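Chemist: fold the following for me, if possible:
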Amino acid sequence: MGKKKRAVVKRPMTRKQRSRAEREKRITRWLIIGTAIVGVLVIGLLAYGLFKEVVLKAREPVAIVNGVPIRTADFQARVRFRRYELINYGLGDQLANYGLVIANDVLEQMVSEEIFRQEADRRGITVLEEEIDRAIELQYFGYDRDAATTVPTPSEELTATQTLTPTTREEFEQNYQNMIDTMLKPSKLGVDGFRAMIRASLLGQQIYDQFAEEVPERMEQVEVRYVYFQTEEEANQMVERLDAGESWEDVVADLENSETATVVNTPIRWPLSYAEREIGLEVGAAIFAAPVGTYTRPVPGNNERFYVFYVLDHSESELSEVMRSYEQNRLFEEWLEAQRALVEYSPDWQDQVPAEP
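Modeler: Numbering: from 1, shown residues only. Next up, the predicted model:
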């Protein structure tokens, strides 16, 4: 029989050895804990960076309209949608050269839309869902649901030279679905965002229409004839002839075929706002100060031309349709510009412009 192995009895550690072992365990434990903490911090920082990039930045405003923010994510979606529109129209090669111009145009449009929403709430203006449907159908796809269901009478039949190819309901639905798949979804604007855009546009149109009611039927106006020149010297020569006693008709007749003068001898009636905004402040002041039956000295316009006016009438009179439309546009534009002046724009909004598509 072989010899039995003797059991190895482990010697107890000395006090010094125990102290050293415990110290090494503590160090190891702290190293593990420290590594875990560092790992958690790294993961947390990465997660926060992703959260900040994806969530917080998307919520940051590129502009604030009377306390209402225009979010970065919404702005980026609209810019992408506008780019898809340009690509669809065959203008994709313009994106690289006019990227910031396009983005700025989109931002200004979004600002206007928010102004319209707020003003519509103040005025009690609303838009029905059916109105949005019809606007999308007609403006974007040329589908008129009323015309599509109307059968022409014999007197309305097309002549041999006329053609009519109305969009059918089926074609509209196919085209709309194509827009959703190729533009609305990829841009992240979505159907809801698209409809909100159309709603704001319709609200803006109703607000514009209401400004027509604010235009008075009659305004102070002057009726004038005039001649304009490229240089002040030529305008002075005309006034010298008038000062010498020649009649307006005779002088104008000599200038009719001149290459350096443009004669507008048909009487035109203007309110002060039109004269000042479209021709120049000095022009407005001159023609409204001139007595009826007199002519003005040469007046510089805001287009580097020099004008001589003959005043035929100065009175409160009914606005022409053209001038009523002008006044409506003026009131609306001045109101809108006043609202836009209160908008707060983010100083780094350009940094939020998406690179694609």
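Chemist: distance of residue 188 from residue 280?
Modeler: 47 Å (C-beta to C-beta, to the nearest Å). Heads up, the C-betas are built off the backbone N, CA and C, glycines and all.
Chemist: those two - which one has more neighbours?
Modeler: residue 280 (18 against 15; other C-beta atoms under 10 Å).
Chemist: isn't that one right up against residue 301?
Modeler: Yes. Residue 280 is within contact range of residue 301, at 4.3 Å (criterion: C-beta atoms under 8 Å).
Chemist: so after the helix or strand of the chain with the lowest mean pLDDT, what's the next helix or strand?
Modeler: Among the helical and strand segments of the chain, the one scoring lowest on mean pLDDT, DSSP states H and E is helix 57-59, with a mean of 64. Using DSSP states H and E, the helix or strand that directly follows helix 57-59 along the chain is strand 61-65.
Chemist: need the CA coordinates for that following strand. CSV is fine.
Modeler: Output of strand 61-65 as CSV, limited to C-alpha atoms (Å, rounded to 0.1, in the frame of the first residue of the first chain):
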residue,chain,number,x,y,z
PRO,A,61,-37.4,77.8,-31.0
VAL,A,62,-36.0,79.4,-34.2
ALA,A,63,-38.4,82.3,-33.6
ILE,A,64,-41.0,83.4,-31.0
VAL,A,65,-44.2,85.1,-32.2
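Chemist: what's the next secondary structure element after it?
Modeler: The helix or strand immediately downstream of strand 61-65 is strand 68-71, counting by DSSP H and E.
Chemist: and that next one, which residues are buried?
Modeler: 69, 70, 71 (16 or more other C-beta atoms under 10 Å).
Chemist: run through the bridge partners of the last one.
Modeler: Okay, so that is residue 71. residue 61 (DSSP bridges).
Chemist: now do it, the pLDDT please.
Modeler: Per-residue pLDDT puts residue 71 at 97.
Chemist: my guess is it contacts residue 65, does it?
Modeler: No. If you go by C-beta under 8 Å, residue 71 and residue 65 don't touch, sitting 11.8 Å apart.
Chemist: okay, the helix or strand encompassing residue 249 in CSV with CA atoms only?
Modeler: Per DSSP H and E: residue 249 is located in helix 248-255. What follows is helix 248-255, C-alpha atoms only, in CSV (Å, rounded to 0.1, in the frame of the first residue of the first chain):
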residue,chain,number,x,y,z
TRP,A,248,-48.3,122.2,-70.9
GLU,A,249,-50.0,120.7,-74.0
ASP,A,250,-47.4,122.2,-76.4
VAL,A,251,-44.4,121.2,-74.3
VAL,A,252,-45.8,117.7,-73.8
ALA,A,253,-46.5,117.4,-77.6
ASP,A,254,-42.8,118.1,-78.3
LEU,A,255,-41.7,115.5,-75.7
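Chemist: how far does that helix sit from the chain's center?
Modeler: Counting by C-alpha atoms, centre = their mean, to the nearest Å, helix 248-255 is centred 47 Å from the centre of its parent chain.
Chemist: what helices or strands is it leaning on?
Modeler: strand 218-229, helix 232-243, strand 261-271 (3 or more C-beta pairs under 8 Å, 6 or more residues apart in numbering; DSSP states H and E).
Chemist: middle-most residue in this protein, spatially?
Modeler: In the chain, the centroid-proximal residue (C-alpha atoms, centre = their mean) is residue 109; its distance is 2.2 Å.
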